[in-house]
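**Student:** Predicted structure and sequence below. I'll ask about it afterward.
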Amino acid sequence: SPFDYPPPTNSSLAEALQIEVGEINNTSQQLLFSTPPPPGTIRRTPQTIIIGVRKGGTRALLEMLDIHPNIAVAATEVHFFDWDENYIKGIEWYRSLMPYSFENQITIEKTPGYFTSLQAPERIHSMNSSIKLLLILRDPTERVISDYTQVYYNRLENHKPVQPFEGIVIKNGALNTKYKAIQRSLYDVHMERWLKYFNLNQIHIVDGNTLIKTPLTELQKVERFLNLPPRIVSSNFYFNQTKGFFCIRSDGKERCLHESKGRPHPVVNETVLEQLYSYFREHNHRFYQMVNQSFDWH
Ligand SMILES: Nc1ncnc2c1ncn2[C@@H]1O[C@H](COP(=O)(O)OS(=O)(=O)O)[C@@H](OP(=O)(O)O)[C@H]1O
């Protein structure tokens, strides 16, 4: 284990890994205490991967796709292709973390870090060069603020000092373009790497903003992309006023995403917002050209 004794708390682990507390499910416990698999099922490597982007709405997309009877989803973020310490464990280790599935089901995992990882495109390509990839994106500036908000709450939970957004994003009066959260929002830079290995028609881009407002529209597009029969319907969603987001109704159960999803963002200084918008503008246009599609980002 890379951690010292005593074992880390979920919140310190979340901070160290820069992920959500809600993303830490105990995979090893699931493996140890799982009920026997339904007859006729096996664990399969995914035929589809949600590669990111971090804070794009990857959890919502995965949970909503899980409504579909022909989809089997991996419970946890696997980080196989982006973390060397996992990648060296080999493909059988990866497969062991996938859910049991029937032959007519598509296995899907989501690890938001893949999109910005230098190695993931090549590694995924070498596993399955004809794989279908899902990429969920949102306005790059909103994504930066969401990324900051996640780290902010992780630090608060760990009693670590926090800085206002503007203090991190602006250094010596200029935009701190080295800030990791800004780097992760350079969609054109990351996409270029994926397009070295995959055809554009293998990558379906989900509009994260639309997924928030009208989830069904985006999910129907994904069903078509994956050649699945249309099974997700409007009654699978209901708007929860308290949460301010759509929640899921499926198999007679209702569930919303973890409280760490859809947290209020800080109010950001207008000038700083404008600086971010104008920094991303050129990158966004380059991205639109690359994917032959445009989005209503600032
Ligand atoms: N239905 C529903 N409920 C709650 N949240 C929703 C939903 N649909 C999309 N989202 C948006 O998902 C954002 C979190 O994105 P990710 O799951 O990709 O984050 S992570 O990278 O896995 O940490 C999260 O970002 P924040 O609003 O910044 O918390 C949400 O805006």
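**Tutor:** Looks like it arrived, so ask away. In this text, all values refer to a predicted model and were calculated from it rather than measured experimentally.

**Student:** Buried residues in stretch 96-112, which are they?
**Tutor:** Neighbour-count burial for stretch 96-112 flags 97-101, 105-112 (criterion: 16 or more other Cβ atoms under 10 Å). To be clear about C-beta, it is placed using only N, CA and C from the backbone, and glycine gets the same treatment.

**Student:** Oops, could you answer that again for stretch 203-221 instead?
**Tutor:** Within stretch 203-221, judged by 16+ other Cβ under 10 Å, the buried ones are 203-212, 215-216, 218-219.

**Student:** ok, back up a step: near the ligand, from the buried residues of stretch 96-112?
**Tutor:** residue 112 (Cβ under 6 Å from any ligand atom).

**Student:** now, the most widely separated pair of the buried residues of stretch 96-112?
**Tutor:** For the buried residues of stretch 96-112, the maximum inter-member distance is 24.1 Å, found between 100 and 112 (Cβ to Cβ).

**Student:** Residue 61 - how many residues pack around it?
**Tutor:** Counted with other Cβ atoms under 10 Å, residues neighbouring residue 61 total 23.

**Student:** hang on, the earlier thing: among the buried residues of stretch 203-221, which lie within helices?
**Tutor:** If you go by DSSP state H, the buried residues of stretch 203-221 have 208, 209, 210, 211, 212, 215, 216, 218, 219 in helices.

**Student:** Let me know whether the first one touches residue 59 as I believe.
**Tutor:** No. If you go by Cβ atoms under 8 Å, residue 208 and residue 59 don't touch, sitting 11.2 Å apart.

**Student:** Following the chain onward from the lowest-mean-pLDDT helix or strand in the chain, which element is next?
**Tutor:** The helix or strand of the chain with the lowest confidence, counting by mean pLDDT, DSSP states H and E, is helix 27-33 at a mean of 48. Per DSSP states H and E, helix 27-33 leads on to strand 42-43 as the next helix or strand towards the C-terminus.

**Student:** pLDDT (mean, whole number) over that next one?
**Tutor:** Averaging pLDDT along strand 42-43 yields 97.

**Student:** just stretch 90-97 next, same as before
**Tutor:** pLDDT averaged over stretch 90-97 gives 97.

**Student:** same question, stretch 58-76
**Tutor:** Per-residue pLDDT values over stretch 58-76 give a mean of 97.

**Student:** Then stretch 186-194?
**Tutor:** Average pLDDT, stretch 186-194: 98.

**Student:** what residues does it touch?
**Tutor:** With contacts defined as Cβ atoms under 8 Å, 6 or more residues apart in numbering, stretch 186-194 is touched by 51, 53, 115-116, 118, 121, 133, 137, 140, 183-184, 203, 280, 283-284, 286-287, 290-291.

**Student:** Work out the gap between it and the centre of the chain.
**Tutor:** Chain-centre distance of stretch 186-194: 16 Å, with Cα atoms, centre = their mean, to the nearest Å.

**Student:** Same question for stretch 164-184.
**Tutor:** In terms of Cα atoms, centre = their mean, the centre of stretch 164-184 is set 22 Å apart from its chain centre.

**Student:** Is it positioned near the ligand?
**Tutor:** No. On the criterion Cβ under 6 Å from any ligand atom, stretch 164-184 is out of touch with the ligand, staying 9.8 Å away.

**Student:** buried ones in that stretch?
**Tutor:** Applying 16+ other Cβ under 10 Å to stretch 164-184 flags 165, 168, 169, 170, 179, 181, 182, 184 as buried.

**Student:** Now do it: distance from first to last residue.
**Tutor:** By Cα to Cα, to the nearest Å, the extent of stretch 164-184 from end to end equals 19 Å.

**Student:** what do you get for stretch 243-256?
**Tutor:** Start-to-end span of stretch 243-256 (Cα to Cα) is 8 Å.

**Student:** Let me have the buried residues of stretch 96-112 in CSV, extended by secondary structure.
**Tutor:** Below are these laid out as CSV (DSSP: H, G, I helix; E, B strand; the rest coil):
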residue, secondary structure
97, coil
98, coil
99, coil
100, strand
101, strand
105, coil
106, strand
107, strand
108, strand
109, strand
110, strand
111, coil
112, helix
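
**Student:** between the buried residues of stretch 96-112, which is nearest the ligand?
**Tutor:** residue 112 (3.9 Å; Cβ to the nearest ligand atom).

**Student:** Assess the claim that residue 120 and residue 114 are in contact.
**Tutor:** Yes. Contact status for residue 120 versus residue 114: in contact at 4.1 Å, counting by Cβ under 8 Å.

**Student:** Quickly list what's touching both of those two.
**Tutor:** With Cβ under 8 Å, 6+ apart, residue 120 and residue 114 have common neighbours 51, 81, 82.
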